[in-house]
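Participant: sharing a model that was predicted from the sequence below.
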Amino acid sequence: MSEPLLRIEDLWVRYQTERATNYAVNGVSLSLDKGENLGLVGETGAGKTTVALSILRLLPQKTGIVDRGSIWFDGQELLSLSQSDMRAIRGNKISMIFQDPMTSLNPVLTVGEQIAEVIMLHSSKTQKHEVQQRVDEILQMVGIPAARKQEYPHQFSGGMKQRVVIAIAIACNPMLLIADEPTTALDVTIQAQVLEMMDALKRTLQTSMLLITHDLGIVAQMCDKVAIMYSGEIVEYGRVEDVFEATERHPYTQGLFGSIPSLTGNVRRLNPIGGQMTDPANLPAGCKFHPRCPKCMERCKTEEPAVVDRTGHRIKCHLYT
Ligand code: SF4
């Protein structure tokens with residue numbers, strides 16, 4: 001078997017401040033093949049964005065500390081690269097789309113200038129007409145008429161702004177696209193259009209994608225694999241069809257499914273997961289989900305569960321050990 005494009009092995013990250021130590025990522029391992037999409041799912045505070053920032057080496061300099069682990073990308077171990085080698089990878093081989101397009105765009109440059117800037121920084125195209133030709137191509141790929149490259153971000157609607165952000169992210173044809181809740185800030189109808197466009201782009205460009213979301217519907221539509229995160233750990237992991245069709249699931253994954261409205265079933269109420277996400281500065285002993293788990297047993301309060309692997313479908317829960 002060929003080496004995956006991205007392989008994270010036993011990653012541990014904490015945020016250290018004078019007042020507290022927050023254990024954000026606690027032993028995460030996952031892998032992503034070329035052309036594959038992986039959905040990283042969980043509630044706010046589960047550690048999803050910290051995983052993404054670790055891949056890009058963009059953790060806050062003073063407070064974000066990687067204690068252990070390795071991140072292999074395209075044959076290189078990213079955590080041991082120099083800053084200049086890492087700069088060459090960011091935006092070129094790995095790009096990131098953030099949740100809010102307003103904070104990702106520069107309000108005083110036209111969208112064409114912003115896309116051109118990325119192309120000139122990361123590719124061999126230096127001739128003005130070549131760069132402009134590529135800007136036009138990229139805008140068309142994301143469904144924006146090339147003539148609009150002269151406009152400023154404030155002249156675009158929310159959905160169109162997110163398309164511009166995606167255009168900037170794909171400008172150098174990255175091998176890996178990390179999308180952090182790319183449609184959360186958009187209306188539902190616009191969300192669907194942007195997702196459809198991202199799916200089409202993935203197929204055209206053969207880019208791999210790490211899609212961070214709290215929405216299992218988006219994962220079903222877009223992803224090949226899914227990793228369910230809770231309190232900095234992956235509690236369930238596998239191919240989308242295995243996890244979605246499984247009769248045995250992690251109770252947290254079960255809770256996420258129970259929070260989705262059904263269009264076909266005769267369900268009168270949703271079953272949201274009770275309680276709050278664990279405080280990362282004060283993680284409980286045993287299974288970190290035990291204070292909220294409807295199936296909690298005595299041993300769950302003291303013993304950390306092992307990961308059970310059934311041909312690639314992994315579950316971290318005492319129910320299956
Ligand atoms: Fe629930 Fe126990 Fe499984 Fe944790 S290990 S998810 S507390 S049953």
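Facilitator: Cool, the structure landed.

Participant: for the rest of this, base every contact and every neighbour count on C-alpha atoms.
Facilitator: Noted.

Participant: tell me the residues of the protein that contact the ligand?
Facilitator: The chain has residues 250-251, 287, 289-290, 293, 295-297, 300, 305, 317-319 near the ligand, with proximity defined as CA under 6 Å from any ligand atom.

Participant: just the ones of those in helices?
Facilitator: Among these, the members found in helices (DSSP state H) are Pro251.

Participant: would TSV of the residues of the chain next to the ligand with distance to Asn37 be doable?
Facilitator: Formatted as TSV, the residues of the chain next to the ligand follow (distance: CA to CA, whole Å):
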residue	distance to Asn37
His250	22
Pro251	24
Cys287	28
Phe289	27
His290	30
Cys293	29
Lys295	31
Cys296	32
Met297	35
Cys300	32
Pro305	28
Cys317	25
His318	29
Leu319	29
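
Participant: narrow the residues of the chain next to the ligand to those that are buried.
Facilitator: His250, Pro251, Cys287, Phe289, His290, Cys293, Cys296, Cys300, Pro305, Cys317, His318, Leu319 (16 or more other CA atoms under 10 Å).

Participant: ok, back up a step: so can I have CSV of the residues of the chain next to the ligand showing pLDDT?
Facilitator: Below are the residues of the chain next to the ligand laid out as CSV (pLDDT from 0 to 100):
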residue, pLDDT
His250, 96
Pro251, 96
Cys287, 98
Phe289, 97
His290, 97
Cys293, 96
Lys295, 96
Cys296, 97
Met297, 97
Cys300, 98
Pro305, 97
Cys317, 98
His318, 98
Leu319, 97
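
Participant: ok, so of the residues of the chain next to the ligand, who is nearest Gly274?
Facilitator: Cys293 (8.5 Å; CA to CA).

Participant: that closest one and Gly69, how far apart?
Facilitator: Distance of Cys293 to Gly69, given as CA to CA, to the nearest Å: 29 Å.

Participant: what's the weakest-modelled helix or strand in the protein?
Facilitator: The least trusted helix or strand in the chain, going by mean pLDDT, DSSP states H and E, turns out to be helix 101-104, with a mean of 79.

Participant: which strands or helices does that helix pack on?
Facilitator: If you count contacts as 3 or more CA pairs under 8 Å, 6 or more residues apart in numbering; DSSP states H and E, helix 101-104 packs onto helix 158-170.

Participant: show me the contacts for the most centrally placed residue in the chain.
Facilitator: Geometric centre of the chain, nearest residue: Ile212, 2.8 Å, by CA atoms, centre = their mean. Neighbour list for Ile212: Gly39, Leu40, Val41, Lys48, Thr49, Ile178, Ala179, Asp180, Glu181 [criterion: CA atoms under 8 Å, 6 or more residues apart in numbering].

Participant: where does it land on pLDDT?
Facilitator: Confidence at Ile212, expressed as pLDDT, is 95.

Participant: next one: Lys125
Facilitator: At Lys125, the model reports a pLDDT of 64.

Participant: and the strands in the stretch 151-300 of the chain, which stretches?
Facilitator: Using DSSP state E, counting those that start in this stretch, the strands assigned to the stretch 151-300 of the chain run over residues 176-180, 208-213, 225-230, 233-239.
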